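Colleague: Build the 3D model from these lines:
(2 chains)
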Amino acid sequence: MEFKEKLLSSFFALQEAVSIDDNPLIEERRHQAFKTFEEKGFPNKKQEAWKYTSISPLLSEDYVIFPRGQVGIHPNDVKKYFLYEMDTYKIVFIDGVYSPFLSNTHHDGFDVNLLSVALNQKKYQKTIGRYYDRIASSKESLVALNTAYAHEGAYIYIPKNQDPLSPIEILHFSSGDCAALWLQPRNLIIAEQGAEVQIIERHQSLVEHPVVTNSVTEIYAGQNANIEYYKIQDDLDSASLIDNTFIHQAKDSNVSIHTSSLGGKIVRNNLTFYQSGQGINSILKGITVLERNQHVDHSTLVHHAHPNCESHQDYKGIFTGSSQGIFNGKILVDRIAQKTNAFQQNNNIILSDEALVNAKPQLEIFADDVRCSHGCTVGQLDQNALFYTRSRGIPLKEAEALLTYAFANNVLESVSIPILKKHISHQIAAKFGVEMGFGI
Amino acid sequence: MLRIDNLHVSVEGKKILNGIDLHVNPGEVHAIMGPNGSGKSTLAWVVAGNEDYQVQEGSIHFKGEPIDDLDPDERAVQGLFLSFQYPVEIPGVTVTNFMKTSVNALRKARGLGDMPARELLQKIRKTAEKLQIDSKFLSRSLNDGFSGGEKKRNEIFQMMMLEPTLAILDETDSGLDIDALKVVAKGVNELRSSSRATVLITHYERLLEYVVPDFVHVILDGKIVKSGDITLARKLEDQGYDWIKNN
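Modeller: Numbering: from 1, shown residues only, chains lettered A, B, ... in the order given. Take a look at the predicted model:
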């Protein structure tokens, strides 16, 4: 049976497979989304947005869609993926199933909770009605597929002027218990007016086995809210990720999304910002360091729909082996969005003959008083910098490694969580065999 | 220590040096002066081993051995150091980590183990203090966003850390205010010893009042046209390069 058929026929088993809501509104959305996926199916390379990334190689496995209950994982097996000790906020899933044992949720003053809880309990109904599935694009077939099946993920709600004070980690592990696994986590993040939150999201296979994660995250930033969101993509070569993240910003809010793509088989990041008000700042940062046959596709859309807003995109990539990188960055400035300041930068270094980069900036500007700049480079290391480094006694190979590391590491300047900055920096240094010390 | 004989160099097909002769002995400080475009920086780069410059004729010996075939890093291992006129910005690597990588690369090539971290950090701190460098500056990205003066001071900082046998300072004095100039001069003087040598490349005589050279050479159109002592530099300061051209 083709995987699409399996998904379609399994939909009717959803109700029994996972205990889900009987909220008629969500039920309605679910069916709508199911119909969309049934009509459109999986995206293919004939579609402009999927020209450089084919997911068809992923569709030949017989994936398990409903993993059977709890899989026991010893904390020692996953501890190295935690950035903090056990007592900070964590929402941990194993094979898509919530692990209360490894998690540390919170329900007092603000919510670090599960989407399944929010969808099922009455006290969350108002918030769910207001925010759930409001900005995720129902026209995208993979987003629709997620919506049809969505029942679990992180639910984070920070009320007005609240700040959890420490970062919240969302961790998805796959245990290898299922031969092949298809996961569809759904996250809902809301920071109300003046609220602040830092979130770190990671998907990680614990053993080599085919895993595809088709994730949807909706993020709402209220007026003056501050959200920093970090995506760590450093998975095994057997794991693929389709990340669909939608951000809605109210006036004077700041949202930054940092994506560190250091591994995985096929990774597609669909990142969409919608600015709804004046004085908004949207920040998109990306570090991509790939080797072997790894493939990462960053597709960003920033929609400037109001005057006096800013967006800053800075994506850097380093490619060796036969790896492939795609940057497809679209900036849309509505006619009303005067005084927009939109900046987009994508720099790539290719270190092997077989590696490939496709970069496609798209600017659609309908306002006449704006500052929009974009730059895109694909090249090798700077020869002057190489000479300078070598003149200090550092041999060619080490000098190249050091400069490559520096190029990638530079994006980390804006990571404001020191322990995370150090973690990513060490990951990158290790990739290039560069030994760094003194806490970077 | 450094022996340059009849050196002819071109870059991208353009002839820049037309037969340079320069002999530097241990313990000596040489100043090389000359107007813009006379070939001063080219001389520095070619000694440091920049591969964009082709030696067409002549030879460079360092400590008695020809170095024409050595890579820039191998020349550093031999004890050569170039303070760059325009130090390169390397965002993403801190001054401290760059120094650590450099010090240990040199030690490794010389058959020594890594310098213990504590010892290295101490040396870094002490050297920074001498040059009145704020410790915050050590955890900043190398030269990234540094002012002109900070970059030059950082070059001298690196020189003092690496303790080269021969240091070539390419216009390290340009763009410095008098206080920064004094600090730079202090660094250069501190390394002065009977076993080391320094070549100062400069436009102006100003630095030479603080680091008094044993020899002053004037370079014009890729050739050393006059040599003397500090009085030559003072005369140039007074009368300009036209005085040389007309004599």
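Colleague: Within range of chain A, give me the residues from chain B.
Modeller: Within chain B, the positions near chain A by C-beta under 8 Å from any C-beta of the partner chain are B:48-52, B:71-73, B:75-77, B:81-82, B:84, B:87-88, B:90-94, B:96-98, B:100-102, B:105-106, B:109, B:117, B:121, B:141, B:158, B:162. C-betas here are computed from N, CA, C, even on glycine.
Colleague: Narrow these to those that are buried.
Modeller: For these, burial is judged from neighbour counts taken by 16 or more other C-beta atoms under 10 Å in any protein chain shown, and it is met by B:48-50, B:72-73, B:75-77, B:81-82, B:84, B:87-88, B:90-94, B:96-98, B:100-102, B:105-106, B:109, B:121, B:141, B:158, B:162.
Colleague: picking that back up, which ones among the residues of chain B next to chain A lie within strands?
Modeller: Counting by DSSP state E, the part of the residues of chain B next to chain A found in strands is B:Phe81, B:Leu82, B:Ile90, B:Pro91, B:Gly92, B:Val93, B:Thr94, B:Ser141.
Colleague: Need the residues you listed in CSV (columns: pLDDT).
Modeller: As requested, these are exported to CSV (pLDDT from 0 to 100):
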residue, pLDDT
B:Phe81, 97
B:Leu82, 97
B:Ile90, 93
B:Pro91, 89
B:Gly92, 86
B:Val93, 90
B:Thr94, 91
B:Ser141, 91
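Colleague: Those residues into CSV, with extra columns for distance to A:Arg186?
Modeller: Shown next, in CSV, are these (distance: C-beta to C-beta, whole Å):
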residue, distance to A:Arg186
B:Phe81, 59
B:Leu82, 58
B:Ile90, 42
B:Pro91, 38
B:Gly92, 36
B:Val93, 40
B:Thr94, 40
B:Ser141, 39
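Colleague: For chain A, state which of those residues is nearest.
Modeller: Within these, proximity to chain A (C-beta to the nearest C-beta) peaks at B:Gly92, which comes in at 3.2 Å.
Colleague: Find the nearest non-adjacent residue to the closest one, please.
Modeller: Ranked by C-beta to C-beta, 6 or more residues apart in numbering or on different chains and with sequence neighbours excluded, the top spatial neighbour of B:Gly92 is A:Ala406, at 3.2 Å.
Colleague: Look up phi and psi at the one you found.
Modeller: For A:Ala406, the backbone dihedrals are phi -60, psi -40 (criterion: degrees, to the nearest 10).
Colleague: go on, B:Asn50?
Modeller: The phi/psi pair for B:Asn50 (degrees, to the nearest 10) is phi -70, psi 130.
Colleague: what about A:Thr125, neighbour count?
Modeller: Rather than Thr, residue A:125 is Gln. A:Gln125 is surrounded by 17 other residues when neighbours are defined as other C-beta atoms under 10 Å in any protein chain shown.
Colleague: hang on, it packs against A:Ile26?
Modeller: No - counting by C-beta atoms under 8 Å, A:Gln125 does not reach A:Ile26; the two are 9.8 Å apart.
Colleague: Tell me how many other residues crowd residue 131.
Modeller: Looking at chain A here, since you left the chain open. Neighbours around A:Tyr131, by other C-beta under 10 Å: 19.
Colleague: Oops, wrong one, chain B.
Modeller: By the other C-beta under 10 Å criterion, the neighbourhood of B:Leu131 contains 17 residues.
Colleague: right, and it touches B:Gly187 too?
Modeller: Yes - here B:Leu131 lies in contact with B:Gly187, judged by C-beta under 8 Å, at a distance of 5.8 Å.
Colleague: who touches both of those two?
Modeller: B:Ile156, B:Phe157, B:Met160 (C-beta atoms under 8 Å, 6 or more residues apart in numbering or on different chains).
Colleague: In helices, which of the residues you listed fall?
Modeller: Among these, the members falling in helices (DSSP state H) are B:Ile156, B:Phe157, B:Met160.
Colleague: Looking at the closest residue to the last one other than its chain neighbours now. What's its pLDDT?
Modeller: Read that as B:Met160. Setting aside the residues directly before and after it, B:Met160 is nearest to B:Thr127 in space (C-beta to C-beta, 6+ apart), at 4.9 Å. Listed pLDDT for B:Thr127 reads 95.
Colleague: what about the helix or strand harbouring B:Thr127, distance to the chain center?
Modeller: For B:Thr127, the enclosing helix or strand under DSSP states H and E is helix B:117-130. Relative to its chain's centre, helix B:117-130 lies at 22 Å (C-alpha atoms, centre = their mean, to the nearest Å).
Colleague: and that helix, what does it pack onto?
Modeller: Other helices and strands packing on helix B:117-130, by 3 or more C-beta pairs under 8 Å, 6 or more residues apart in numbering or on different chains; DSSP states H and E, are helix B:95-109, helix B:148-162, helix B:178-191.
Colleague: run the last query once more with 7 Å
Modeller: Other elements packing on helix B:117-130 under the criterion 3 or more C-beta pairs under 7 Å, 6 or more residues apart in numbering or on different chains; DSSP states H and E are helix B:95-109, helix B:148-162.
Colleague: Contacts made by the first one with the rest, please.
Modeller: By that I understand helix B:95-109. Taking C-beta atoms under 7 Å, 6 or more residues apart in numbering or on different chains as the criterion, the residues outside helix B:95-109 that touch it are A:392-395, A:398, A:402, A:436-438, A:440, B:76-77, B:90, B:113-115, B:120, B:124, B:137-140, B:142, B:154, B:158, B:161-162.
Colleague: Please repeat the previous calculation with a cut-off of 8 Å.
Modeller: Defining contact as C-beta under 8 Å, 6+ apart, one finds that helix B:95-109 is touched by A:392-395, A:398, A:402, A:434-438, A:440, B:73-74, B:76-77, B:90, B:93, B:113-115, B:120-121, B:124, B:137-142, B:154, B:157-158, B:161-162.
Colleague: Enumerate the residues of the stretch 251-400 of chain A near chain B.
Modeller: Within the stretch 251-400 of chain A, the positions lying close to chain B (C-beta under 8 Å from any C-beta) are A:382-385, A:387-396, A:398-399.
Colleague: quick one on the thing from earlier: make sure the residue nearest to B:Met160 is actually in contact with B:Met159.
Modeller: No - counting by C-beta under 8 Å, no contact exists between B:Thr127 and B:Met159, whose distance comes to 9.5 Å.
Colleague: The two: which is more packed in?
Modeller: Comparing B:Thr127 with B:Met159 by neighbour count (other C-beta under 10 Å), the higher total belongs to B:Met159, at 24 against 20.
Colleague: Wait, the more buried one touches B:Leu82, no?
Modeller: No - at 9.2 Å, B:Met159 does not count as touching B:Leu82 under the criterion of C-beta under 8 Å.
Colleague: Can you check which residues contact both of those two?
Modeller: Common neighbours of B:Met159 and B:Leu82 (criterion: C-beta under 8 Å, 6+ apart): B:Ala167.
Colleague: Contact partners for A:Asp235?
Modeller: Shown in contact with A:Asp235 (C-beta under 8 Å, 6+ apart): A:His203, A:Gln204, A:Ser205, A:Leu241, A:Gly263, A:Gly264, A:Lys265.
Colleague: how many neighbours does A:Asn328 have?
Modeller: Here the neighbour count serves as a burial measure; for A:Asn328 (other C-beta under 10 Å) it reads 23.
Colleague: Contact partners for it?
Modeller: Going by C-beta under 8 Å, 6+ apart, the list of residues near A:Asn328 reads A:Ala49, A:Tyr52, A:Asp297, A:His298, A:Ser299, A:Thr300, A:Asn358, A:Ala359, A:Lys360, A:Gln362.
Colleague: Now, of these, which are buried?
Modeller: Taking 16+ other C-beta under 10 Å as the criterion, what is buried in the contacts of A:Asn328 is A:Tyr52, A:Asp297, A:His298, A:Ser299, A:Thr300, A:Ala359.
Colleague: Pull the most distant pair out of those.
Modeller: With distance counted by C-beta to C-beta, no two of the buried ones among the contacts of A:Asn328 lie farther apart than A:Tyr52 and A:Thr300, which are 14.3 Å apart.
Colleague: what does the helix holding B:Thr127 contact?
Modeller: Judged by C-beta under 8 Å, 6+ apart, the contacts made with helix B:117-130 from elsewhere in the structure are A:437-438, B:96, B:99-100, B:103, B:115, B:134-135, B:137-138, B:157, B:160-161, B:186-187, B:190.
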